[in-house]
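K.L.:
I would like the atomic coordinates for the input below:
(chains A, B, C and D)
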Number of protein chains: 2
Amino acid sequence: MKTSGKPTRERIVDAASKLFYGEGIRAVSVDAVAEKAGLTKRTLYYHFQSKDELIAAYLDGRDQPNLALFQRWFEEAEGGIDQKIRAIFGNLAKSARHPRWKGCGYLRTAAELADMPGHPAIKTGIAHKKRVEAWLASSFAAEGIRSPELLARQIILLLDGCFAVVLLNRDASYMETAGEAAATLVKAALA
Amino acid sequence: MKTSGKPTRERIVDAASKLFYGEGIRAVSVDAVAEKAGLTKRTLYYHFQSKDELIAAYLDGRDQPNLALFQRWFEEAEGGIDQKIRAIFGNLAKSARHPRWKGCGYLRTAAELADMPGHPAIKTGIAHKKRVEAWLASSFAAEGIRSPELLARQIILLLDGCFAVVLLNRDASYMETAGEAAATLVKAALA
DNA sequence: TCAGTTACACTCACTAGTCGGTATACTTCT
DNA sequence: AGAAGTATACCGACTAGTGAGTGTAACTGA
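P.N.:
The predicted structure is shown next:
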């Protein structure tokens, strides 16, 4: 009973993605994912060995699109590199105002699985953040900034900082504040 | 069967604190808290109406000590205000290297309860962060910084950013990077 | 007396994961 | 061609255990 052209495995990951992101990993049962995907739990377990594997697949699926989004926001922005960085935060603020926004899936997963540091989902999260950081560093290097790696780390800290803060207080204006801080740091690194 | 001089309610909150912080809210059962506190679940429910109430009590109990710690680190540090702020991050890095460190309890709770924005525990978290932010702002105002509130928000973003990042990648050196960024922002605000 | 506590049995909903079996389609042997 | 086998994908029903929270009667110490 395939309800769409998508392969079953993909449909399961889609369903898991929506539920895990929306309600949290531990709050969502495998049954709920199966139901959302329109199949039985038995079939889900045919495609995935365990819930942990499903969690990892959920985060894997968000890696590329997330980075691509940041890159698009960066490229489409007008002005110098400080303004391009600021634009990322501005766009983030816009998405954070949507009611279904629930922070960064990677950070929330790390928070939920804080007692299992070796979990595959955590490793995926670390890899994702490293990729974003490396992209930032290479962009800074291209602008001739002295220590691009250091600046990239600082921007990552502000990025994840506003994810965390806004998830708590639901005030997306903190993201614009983070954008200002980021622009200040970029200008300081350029000087 | 009181095993210590402490009142029962306090012993329950202590036990909950250790377990919730160490393993996460949803991962810890009320039975586990009761056992850790050395009493029966029935007694726990004599003192608390629900698990949610217990969660709120856990976070309430961390508010004052957490802020006091930051203030002590700030006051004990040598140098100008930028170095005093940096010192907070340096001390944070030290504690983050302890194996039992698991990030910020408030942020982790917000991540776990992302789908219940009105939860009392979330409100406690917001109030706590506001208190830290207000203290920072007043410290900056005392130094004659032009827009102390803005700078305080930026520091909060770095603070919570390094909590989030280090919880994910377990590399406490990000806290020192955050400290540098914070010092840069303070200096920029002084100029 | 009475708040605080205990033991313990209980409800009811939910949880990750499994058992045994079915339907379809493609392959392989004769 | 036709029978037999095999791989893939699927499902209803189940196990064994855990979750929060309750009911109740009896005990303890101030």
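K.L.:
Let me know the pLDDT of the most centrally placed residue in chain A.
P.N.:
Compute the mean C-alpha point of chain A, and by CA atoms, centre = their mean the closest residue is residue A:104, 4.6 Å away. Note for residue A:104: predicted pLDDT of 97.
K.L.:
Residue A:184 now?
P.N.:
97.
K.L.:
One more: the one 4 residues further on?
P.N.:
On pLDDT, residue A:188 comes in at 95.
K.L.:
give me the number of residues near it?
P.N.:
Using other CB atoms under 10 Å in any protein chain shown, residue A:188 has 16 neighbouring residues. For every residue, glycine as well, the C-beta is placed using N, CA and C.
K.L.:
thinking again about what came up before, show the contacting residues for the closest residue to the residue nearest to the centre of chain A other than its chain neighbours.
P.N.:
Nearest in space to residue A:104, with sequence neighbours left out and distances taken as CB to CB, 6 or more residues apart in numbering or on different chains, is residue A:163 at 4.2 Å. Residue A:163 sits next to A:103-104, A:107, B:164 when contact means CB atoms under 8 Å, 6 or more residues apart in numbering or on different chains.
K.L.:
Out of those residues, who's the most crowded?
P.N.:
residue B:164 (34 neighbours).
K.L.:
where's it, which helix or strand?
P.N.:
helix B:148-169 (DSSP states H and E).
K.L.:
Keeping just the C-alphas, turn that helix into PDB.
P.N.:
Output of helix B:148-169 as PDB, limited to C-alpha atoms (Å, rounded to 0.1, in the frame of the first residue of the first chain):
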ATOM      1  CA  PRO B 148      24.900  47.500  28.200                       C
ATOM      2  CA  GLU B 149      21.700  45.600  27.400                       C
ATOM      3  CA  LEU B 150      22.800  44.800  23.900                       C
ATOM      4  CA  LEU B 151      26.200  43.700  25.000                       C
ATOM      5  CA  ALA B 152      24.700  41.500  27.700                       C
ATOM      6  CA  ARG B 153      22.600  39.800  25.200                       C
ATOM      7  CA  GLN B 154      25.600  39.100  23.000                       C
ATOM      8  CA  ILE B 155      27.500  37.600  25.900                       C
ATOM      9  CA  ILE B 156      24.500  35.400  26.800                       C
ATOM     10  CA  LEU B 157      24.500  34.200  23.200                       C
ATOM     11  CA  LEU B 158      28.100  33.200  23.400                       C
ATOM     12  CA  LEU B 159      27.600  31.600  26.900                       C
ATOM     13  CA  ASP B 160      24.700  29.500  25.700                       C
ATOM     14  CA  GLY B 161      26.500  28.900  22.500                       C
ATOM     15  CA  CYS B 162      29.400  27.300  24.100                       C
ATOM     16  CA  PHE B 163      27.100  25.200  26.400                       C
ATOM     17  CA  ALA B 164      25.400  23.800  23.300                       C
ATOM     18  CA  VAL B 165      28.500  23.300  21.200                       C
ATOM     19  CA  VAL B 166      30.600  21.700  23.900                       C
ATOM     20  CA  LEU B 167      27.700  19.400  24.800                       C
ATOM     21  CA  LEU B 168      27.700  18.200  21.300                       C
ATOM     22  CA  ASN B 169      31.400  17.800  20.500                       C
END
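K.L.:
just how off-centre is it within its chain?
P.N.:
12 Å (CA atoms, centre = their mean, to the nearest Å).
K.L.:
After that helix, which helix or strand is next?
P.N.:
Counting by DSSP H and E, the next helix or strand C-terminal to helix B:148-169 is helix B:173-190.
K.L.:
Residue A:145 reaches residue A:188, doesn't it?
P.N.:
No - taking contacts as CB atoms under 8 Å, residue A:145 lies outside contact range of residue A:188: 10.3 Å.
K.L.:
returning to what we had before: quick check: the residue nearest to residue A:104 vs residue A:33, distance?
P.N.:
Separation of residue A:163 from residue A:33 (CB to CB, to the nearest Å): 24 Å.
K.L.:
Kindly report the same for residue A:26.
P.N.:
Residue A:26 is 13 Å from residue A:33, where distance means CB to CB.
K.L.:
Settle it for me: which of those two has more neighbours?
P.N.:
residue A:33 (25 against 17).
K.L.:
Pretty sure that one sits against residue A:17.
P.N.:
No - contact between residue A:33 and residue A:17 fails when scored by CB under 8 Å: they sit 9.5 Å apart.
K.L.:
Return the residues of chain A in contact with DNA strand C.
P.N.:
Near DNA strand C, the residues belonging to chain A are A:28-32, A:41-42, A:45, A:50-52 when assessed by CB under 7 Å from any atom of the strand.
K.L.:
show me which of those residues neighbour DNA strand D.
P.N.:
Within those, those near DNA strand D by CB under 7 Å from any atom of the strand are A:41-42.
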